[in-house]
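K.L.:
sequence-free structure coming up:
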């Protein structure tokens with residue numbers, strides 16, 4: 001069974017995460033699969049819009065921690081980094097239809113989307129701090145830049161879940177719609193975009209993003225280095241062990257921590 005299903009309808013390419021039993025938790029292969037899909041779509045003149053959504057009851061629960069533990073990302077060309085590059089360089093409109101869980105990268109990758117429609121069931125979270133990790137996908141830049149520092153600090157430093165109404169209030173999603181109308185609403189927007197002049201559509205997106213592109217690239221680089229360093233920390237080992245043992249992690253012990261990579 002393919003973990004990423006694609007279907008092209010006219011100028012619209014639909015991509016669906018397809019691990020419903022795991023709430024579409026992302027494996028290294030799924031990151032690479034979406035990266036390859038976006039890179040190929042960017043070279044295909046038949047495709048003007050990509051629509052991303054999830055099978056079953058969720059968008060994605062974020063990293064599959066078992067796969068993540070077996071294939072930890074490094075500071076270089078990890079599957080996550082390759083998807084970041086593909087998202088940064090994708091010049092066609094990208095639409096996300098989000099329902100159920102959108103956790104970790106399921107939240108942070110939304111900042112690369114041009115339209116995000118959330119079903120009323122959507123639950124967002126950036127739980128990196130709970131795993132003794134740092135944010136990724138350039139969100140250490142994009143969240144403060146888009147939502148302001150105080151809102152970004154609340155989401156990143158507390159790592160608490162928030163609902164679709166809150167996501168709309170801070171500007172993470174375009175519109176909240178009933179779950180039953182989610183895919184139809186996203187598809188309607190995709191169809192409208194597909195009817196626009198393709199060259200002007202790509203040029204408009206590039207102009208809208210020109211001021212943030214370089215800062216996002218730099219944020220991704222620094223995050224990847226820090227993320228890789230944190231993966232080897234005692235706190236992260238404790239958090240992952242606690243997850244598999246189904247117990248709360250214990251961060252009460254004083255441990256020597258690696259320094260924050262900034263530049």
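P.N.:
Cool, the structure landed. What you are looking at is a predicted structure, and each value in this text was computed from that prediction instead of being measured.
K.L.:
Quick check: which element contains residue 36?
P.N.:
Using DSSP states H and E, residue 36 maps to helix 28-41.
K.L.:
Pull the distance from that helix to the chain's centre.
P.N.:
Averaging C-alpha positions (Cα atoms, centre = their mean, to the nearest Å) puts helix 28-41 13 Å from its chain's average.
K.L.:
list the buried ones in it?
P.N.:
Of all the residues in helix 28-41, those buried under the rule 16 or more other Cβ atoms under 10 Å are 28, 30-35, 37-38, 41. (Glycine included, C-beta is placed from N, CA and C.)
K.L.:
And that helix, what does it pack against?
P.N.:
The elements that helix 28-41 packs onto, with contact taken as 3 or more Cβ pairs under 8 Å, 6 or more residues apart in numbering; DSSP states H and E, are strand 4-9, strand 12-17, strand 49-54, helix 79-89.
K.L.:
of all those, which lies closest to residue 23?
P.N.:
Minimum separation from residue 23 across these (Cβ to Cβ) falls at strand 49-54, 8.1 Å.
K.L.:
follow-up on the earlier one: in TSV: the helices and strands packed on helix 28-41, plus distance to residue 126 and mean neighbour count.
P.N.:
Output for the helices and strands packed on helix 28-41, formatted as TSV (distance: least, Cβ to Cβ, whole Å; neighbours: other Cβ atoms under 10 Å):
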stretch	distance to residue 126	mean neighbour count
strand 4-9	23	14
strand 12-17	18	21
strand 49-54	18	25
helix 79-89	15	20
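K.L.:
Compile these into a markdown table and extend it with columns for mean pLDDT and distance to residue 236.
P.N.:
Below are the helices and strands packed on helix 28-41 laid out as a markdown table (pLDDT from 0 to 100; distance: least, Cβ to Cβ, whole Å):
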| stretch | mean pLDDT | distance to residue 236 |
| --- | --- | --- |
| strand 4-9 | 96 | 28 |
| strand 12-17 | 98 | 25 |
| strand 49-54 | 98 | 27 |
| helix 79-89 | 94 | 16 |
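K.L.:
closest to residue 227 out of these?
P.N.:
That would be helix 79-89 among these, by Cβ to Cβ, at 8.4 Å.
K.L.:
who touches the closest one?
P.N.:
For helix 79-89, contacts defined as Cβ atoms under 8 Å, 6 or more residues apart in numbering pick out 28-29, 31-32, 34-36, 38-39, 42, 71, 73, 94, 105, 109, 112, 136-138, 213, 216-217, 220, 224.
K.L.:
what angle separates it from helix 28-41?
P.N.:
Here helix 79-89 runs at an angle of 20 degrees relative to helix 28-41 (axes from the mean of the first three to the mean of the last three Cα atoms, to 10 degrees).
K.L.:
Show me the strands in the stretch 51-200 of the chain, by range?
P.N.:
Shown for the stretch 51-200 of the chain, the strands assigned by DSSP state E, counting those that start in this stretch span residues 94-98, 101-103, 115-119, 123-125, 162-163, 175-177.
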